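# Mind looking at a prediction? Sequence and model below.
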Amino acid sequence: MKADCLKPKTITKTKRMTEPLRVILGKISLFVFLPVISGVMLGFAALPSKIWYVGFIGFIPLLIAAEKALDRKKPLLVFTLQVFITTVIVFLYMSVWILQSANLGFIIGVVVVIPFVILLVPYILFRKNGSRYAAAYFIAAWLTGEFIQNYFELGSPFANFGHNLGAAPKLIQWYSITGAYGGTLWMLTVNFLIFFLGKAIINKQKDITKKSIFTCSVLVVPVLLSLIMYYSYEEKGRPAEILVVHPSTDNRDVKYRVNIYELMDIYLDIILPQLTKNTEYVVLPETAITNAGWIADYNRNLVFQHWLQKTTDYPNLKLVTGAVTYESIPDVEKIRGYKKNPGIHFSENYQTWYHTYNAALHIEKSRPVQIRVKEGLVPYQEYTPYPLIMPRLAPVGIDFQFARREPNRQVFTAANNRKTAALICYELVYGFKFARAARQGAEAFFVILNEGWYTRAQHVPYQFLQLSVVRAIENRRSIAHSSNLGISAIINQRGEVLARTQSRKGDFLKHQINMNRRPTLASTLGNLPGLTAMAVTLVLLFVEFKHKNSNKKIHNRGGAI
């Protein structure tokens, strides 16, 4: 009897011990599990994924987690943590390759998620207040976050979800109208529609059929429109023969150790046998000329003269190449904090302060060399963001840091008046730079890259190739994609890869491309979709804040009565 009396008490005690465990597991599910699932799904869908379509449901676990957060005492704090977890996982998945050259300094790059967290957090307040604009706010806020990344030095537009769909160029031909922002809008809208449809099914609502048809329409109609555009589009512009050089020179043991003249001869050994009277452009990759000297001395640069002498039989030939070059800074004392700025250097040999540029050069016989300096530098690798505010996180990739140049040329103009634009590697993530060049008359894009630093991250060349596909469709411009040690390719105006090589030995691609002068709507609009998203975000915040205050006043009057 004594044992029997004790037995129920033991069971009760066991139940009491398991209750806190259930609570803890529930909190883990709330704080971690669902946001982690969203982060992983969106990471898997990120470029250059073959399962990009997962992005159409990737936000749903986060949206479910947000609904659960509404039942907590501090939903704002809970949702903030949820968004932070999701965005950090996506960021690390997409960009951790920079660690190979930027070392631990890149860890601070996690602040890239801050604009997204700040902008998305009010969504939970919209939901708490039962606002019918909650979904619209979430979508506009995310698009605003992508827009801000274009100008936030601690961040990057690399994670623009519209880029993910570049894996299926036939389905995004309407990017020539909306740009990659349209892809993000489409993906987020479908996420919410599927989420709402799931809630309707669970709650056994009557309008399930109507919601199902509408959701399917939003998913399918853009696909059908794109396929029509794809099969009806005709290449525009005059043809030009392009020779893309794929040198495959090792960054660590060859490229930056071999004499620049020997390096140029390596390129010429690939180039000269392929030249014809019809070849208009030769494209070399990023920093192919590892020391192009001082900009002020270009008219007597021996490397350039060596090139011109070797190609004297081809007077109409133009060379577009990447180069490391230098420019002295007059009146450096006028620059605030110039001695602390890691992008400003001092030469003991020349007794001058100077900038180092990662540049693209346009070299043509009997014409001055044209230079365009890379603007979209890789944070924590090629430059230190906000150098006068933040300490330099040494080592930051390479031994020196590049600078930007003001004013900076955007378009090269040849003797025959053909206009082209050369954009450098990481600038591929900045769609507005390509749109700006197209508006200024660029008829084709030359994208020059050097992924030789990331040989252990095999997916990186595919990321950049997919970005070139997106930029080609947005602007309806052919792209010559020249990589030192990654993937070189020729891409047409529909985003089709016409030819490619990823040889580990010196190689080339020779192809005709069409030089198109007509701007697309996406080129014309530029950043307008991002600015529109920002305006919508601010308007919705204002309307919600005003509505909430109005309800408070009504409630207070009622209480007084």
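Noted; the coordinates are in hand.
# low-scoring pLDDT stretches of the stretch 401-550 of the chain, where are they?
455, 548-550 (pLDDT under 70).
# Any regions of this protein where pLDDT drops low?
For the chain (pLDDT under 70), the answer is 1-30, 95-109, 390-400, 455, 548-561.
# Going by length in residues, pull out the top strand of it.
Secondary structure of the chain per DSSP state E: the longest strand is strand 352-364.
# For the nearest residue to residue 311 once chain neighbours are set aside, grab the count of nearby residues.
Sequence neighbours aside, residue 317 is the residue nearest to residue 311 in space, at 5.4 Å (criterion: CB to CB, 6 or more residues apart in numbering). (C-beta placed from N, C-alpha, C; glycine too.) Neighbours of residue 317 under the rule other CB atoms under 10 Å: 22.
# who's in contact with residue 317?
Residue 317 makes contact with 275, 279, 280, 281, 282, 311, 364, 365, according to CB atoms under 8 Å, 6 or more residues apart in numbering.
# Neighbouring strands - and their directions - for the helix or strand encompassing the fourth one?
When elements are defined using DSSP states H and E, residue 281 is found to belong to strand 279-283. Using DSSP bridges, the strands paired with strand 279-283 are strand 238-246 (parallel), strand 318-328 (parallel).
# Ramachandran angles for residue 127?
phi -70, psi -40 (degrees, to the nearest 10).
# Once you drop chain neighbours, what's closest to it?
Residue 127 sits nearest to residue 134 (CB to CB, 6+ apart), 4.9 Å away.
# can you pull the contacts of that neighbour?
Applying CB under 8 Å, 6+ apart to residue 134 gives the contacts 123, 126, 127.
# so what's the first one closest to, chain neighbours aside?
Taking CB to CB, 6+ apart as the measure, residue 123 lies nearest to residue 138, with 4.6 Å between them; neighbours along the chain are not counted.
# Contacts only, for the one you found.
Applying CB under 8 Å, 6+ apart, the residues near residue 138 are 120, 123, 188, 192.
# State the helix or strand in which it lies.
helix 134-148.
# Pull that helix out as CSV, backbone CA atoms only.
What follows is helix 134-148, C-alpha atoms only, in CSV (Å, rounded to 0.1, in the frame of the first residue of the first chain):
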residue,chain,number,x,y,z
ALA,A,134,1.3,43.4,-43.6
ALA,A,135,2.3,41.3,-46.6
ALA,A,136,2.7,44.4,-48.9
TYR,A,137,4.9,45.9,-46.2
PHE,A,138,7.1,42.8,-45.9
ILE,A,139,7.6,42.7,-49.7
ALA,A,140,8.3,46.4,-50.0
ALA,A,141,10.7,46.3,-47.0
TRP,A,142,12.7,43.4,-48.4
LEU,A,143,13.0,45.2,-51.8
THR,A,144,14.1,48.3,-50.0
GLY,A,145,16.8,46.3,-48.2
GLU,A,146,18.1,45.0,-51.5
PHE,A,147,18.1,48.6,-52.9
ILE,A,148,20.0,49.9,-49.8
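# Skip ahead from it and say which helix or strand is next.
helix 175-178.
# Now the next helix or strand after that following helix: buried residues?
As assigned by DSSP H and E, the chain's next helix or strand after helix 175-178 is helix 180-202. Within helix 180-202, the residues scored as buried using 16 or more other CB atoms under 10 Å are 180-197, 200.
# repeat for stretch 342-361
343-345, 352-361.
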